[in-house]
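S.K.: just need the structure, nothing else, for what follows:
(2 chains)
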2 protein chains.
Amino acid sequence: MTSTSTALLTDHYELTMLSSALRDDTADRPCVFEVFARRLPDGRRYGVVGGTARLLDAITRFRFDRAELDQLAAADVVDERTLAWLADYEFTGDVDGYPEGELYFPGSPILTVRAPFATGVVLETLALSILNHDSAIASAAARMVTAANGRRMIEMGSRRTHEEAAVASARVSYLAGFTATSNLEAGRRYGIPTAGTSAHAFTLLHDSEAAAFQAQVEQLGAGTTLLVDTYDITKGIQTAVEVAGPELGAIRIDSGDVGPLARQAREQLDALGARNTKIVVSGDLDEYAIAALRAEPVDAYGVGTSLVTGSGAPTAGMVYKLVEVEGRPVAKRSSHKESRGGRKGALRRYRETGTAIEEVVYTEGHKPALGEHDRDLQIPLVRAGQPVPDLPTIEQSRERLRQALVSVPWEGLKLSHGEPAIPTTFL
Amino acid sequence: MTSTSTALLTDHYELTMLSSALRDDTADRPCVFEVFARRLPDGRRYGVVGGTARLLDAITRFRFDRAELDQLAAADVVDERTLAWLADYEFTGDVDGYPEGELYFPGSPILTVRAPFATGVVLETLALSILNHDSAIASAAARMVTAANGRRMIEMGSRRTHEEAAVASARVSYLAGFTATSNLEAGRRYGIPTAGTSAHAFTLLHDSEAAAFQAQVEQLGAGTTLLVDTYDITKGIQTAVEVAGPELGAIRIDSGDVGPLARQAREQLDALGARNTKIVVSGDLDEYAIAALRAEPVDAYGVGTSLVTGSGAPTAGMVYKLVEVEGRPVAKRSSHKESRGGRKGALRRYRETGTAIEEVVYTEGHKPALGEHDRDLQIPLVRAGQPVPDLPTIEQSRERLRQALVSVPWEGLKLSHGEPAIPTTFL
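M.R.: As a prediction, the model looks like this:
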């Protein structure tokens, strides 16, 4: 059972750092923390920001109530002074960031948190958990939507990921352009369209395939989708049209070599007069399989495992780094994992045609002139602890991504491994 | 905010199947559903069952309260008759399965659910979400623990996965033999030891590394772990021992080529008289990196990304299949995704020496004689809807896995890609 407080979705060391900082009076030093990805996942050409709205909600619930404080005391995580400080915790800082649905590239300042050290440091794990997961799934989903080239996409991966990650995955899949999800909780929580009709179990339950189809059509209408590959697909399609009539909404094929099967199914459906019956395919599809089916008569794709596991990149690899203390840039400098100190902003440059050219990341005070076609990338998200009014809705984020993908240079939309679609310039 | 009801963590199609089955009176047919994996993730030699206890808890909370019913009505997912049926839903069936911490192989009947169709079909997504996620992480964790060969392991991957998946990951990592987790919520929910001291941000916050170390040691004692790689590691170690004295508990190195760095650090610590100061390494470790560090003077590993993403296998690929209806075996048979019908049991055969030889999966009525060293693999989990008394604790599951790994033939513990450690025989 999940508590409504998000405060313990936190790494132990954040609270011990807090306790040590309270001891030597460094806890109140004004700081800037930044979320960014050092690089994109191997071979990816762009990333999609996902999870920002979930994060802002989680921050408002980041409170140490009695239950959390008792646990920290019982487990001896921190001392009394720190517990007293946590009891009064509420986030009072400012947050700016890339809006959901925006593209990001290596070094993009996806989130900037300005707050006293103690207030900001405790949000590290929560911010990264949400942004790393949701951005990974959003990025994979966007590649699949691009590959589907306008065809309908149904997210059905809940069973292949943690039950709550499933809900978040459904959300960002919709944001990335999927049409619907199988996940009912995502329907409730985020108002996303849900879809589904039946599994093989329903056919196996019945004495015959015809009996199963009959029950489903009586209950859900001839516009339903019948799953035709439990026994023999050709017979399944024959039976489906016999039972539902040529007004049958769709058939679904969940196994086998779906390309040739879709072609045969289309011919058979047309011959049976079911010319408007759609063909839905599912079963181990990823963006490559979807792209390979472009020439086939497929109307919709059901995508599961590959989507909710980020199609090879299950986490976005973002980090949450302290970049400024009392106005002074700070950065680790012992090894290859170096960061650039200082608070940063970002803008994207575009050609007159609307094609993106370059991501420009600048430290404060070094913002270059904004060209006619350029635009700033961060928006205000939180002021003095309160989410700003009129944050983007999921529909607006969906539209933002749709437009952002149009602006990517054509080679940046290729599914093959490659360099980031546009370079990042640091000023 | 997560509702305490788990009922909508469900795919839409389960409820439409239910509604269709209620229409034609097939809903009450006695059924058996089985969870199994057709194969192990690519190249893996064994899988570890994880999540069973979480699933049993989730099943007891699988109730359609007013809020869930209102949502299903508003979204027009099912009709009035189905809503009325759901309002009375509680799981009343029986469940048997492999206990947590048990090994599994292709075809192992990891969970067997006996219930009327309607009662059992609605649990598909919930069961698979939990078992697929938790087993994937448990399996990766077990490989890492094996690679660490007795050294301490700290789970610190929360930031690289969904915030709730992080809690579940911490749980099964501990089950698999990890010593502690960074995740405070896992500490609360499951009583797992948590650990952590500081990040680079804490050093950067301060005017000097010495000031940061001083604050931490004053607060947490000389037994703490100081992170020494923010600036120059050699200077960092020197400063750490100057500040904490030779009783310093440990240093942590989070970047760079940790093998040579650990060796240098050990020499330096010994020269400074800090002979008992431990060395903790972290930063992009996976089971291969851990194994490669075996000869180095490392005392503990902190593992993050690779663990919570299943180290290349982020989902276990288990399915939930209807295998029996009214006592008659059923199975899909249109393609390569065939299943074996019928309710199954399983036993594992062992040599006299205790080494496992073979996984035997048999359909009911075909159970072979149990040899002297063989053992049954399923245990009762739920009877008439109630979890059975004295289910294994997490500590017992941890011990079960430890012993199970001892029984694996030596080549089955190799990290390289290979065949399952023991073959599965179907009777």
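S.K.: give me the pLDDT for residue A:339.
M.R.: Residue A:339 is assigned a pLDDT of 72 by the prediction.
S.K.: any idea how far the residue nearest to it when sequence neighbours are not counted is from residue A:321?
M.R.: Once flanking residues are discounted, residue A:339 sits nearest to residue A:331: 4.7 Å by CB to CB, 6 or more residues apart in numbering or on different chains. (Glycine included, C-beta is placed from N, CA and C.) Distance of residue A:331 to residue A:321, computed by CB to CB, to the nearest Å: 8 Å.
S.K.: more neighbours, those two?
M.R.: residue A:321 (23 against 16; other CB atoms under 10 Å in any protein chain shown).
S.K.: pretty sure that one is in contact with residue B:199, am I right?
M.R.: No - applying CB atoms under 8 Å as the test, residue A:321 and residue B:199 come out as separate, 9.3 Å apart.
S.K.: spit out the residues that contact these two alike.
M.R.: Common neighbours of residue A:321 and residue B:199 are not found (criterion: CB atoms under 8 Å, 6 or more residues apart in numbering or on different chains).
S.K.: starting at the chain centroid, how far to stretch A:264-271?
M.R.: 37 Å (CA atoms, centre = their mean, to the nearest Å).
S.K.: what residues do residue A:331 and residue A:321 have in common as contacts?
M.R.: Contacts common to residue A:331 and residue A:321, judged by CB under 8 Å, 6+ apart, are residue A:339.
S.K.: all strands for the stretch 51-200 of chain A, in order.
M.R.: A:94-97, A:103-104, A:111-116, A:152-155, A:180-181 (DSSP state E, counting those that start in this stretch).
S.K.: quick one: contacts for residue A:301?
M.R.: Contacts of residue A:301 by CB under 8 Å, 6+ apart are A:144, A:148, A:151, A:152, A:153, A:154, A:280, A:281, A:282, A:285, A:290, A:293.
S.K.: apologies, that question was intended for residue A:72.
M.R.: So residue A:72 contacts A:15, A:64, A:78, A:83, A:86, B:184 (CB under 8 Å, 6+ apart).
S.K.: go again using 7 Å as the cut-off
M.R.: A:78, A:83 (CB atoms under 7 Å, 6 or more residues apart in numbering or on different chains).
S.K.: quick one: residues contacting residue A:309.
M.R.: With CB under 7 Å, 6+ apart, residue A:309 has these contacts: A:160, A:161, B:314, B:315.
S.K.: sorry, wrong one. I was asking about residue A:365.
M.R.: By CB under 7 Å, 6+ apart, residue A:365 has no neighbours at all.
S.K.: isn't there a strand covering it?
M.R.: No - per DSSP: H, G, I helix; E, B strand; the rest coil, residue A:365 lies outside any strand segment and is coil.
S.K.: how much space separates it from chain B?
M.R.: As judged by CB to the nearest CB, to the nearest Å, residue A:365 and chain B stand 20 Å apart.
S.K.: also residue A:307?
M.R.: From residue A:307 to chain B the distance is 11 Å (CB to the nearest CB).
S.K.: state the three-state secondary structure for that residue.
M.R.: Classified using three-state DSSP, residue A:307 is helix.
S.K.: one more: residue A:226?
M.R.: Going by three-state DSSP: residue A:226 is strand.
S.K.: looking at the contacts of residue A:309, which is nearest residue A:409?
M.R.: Nearest to residue A:409 out of the contacts of residue A:309 is residue B:314 (CB to CB; 30.6 Å).
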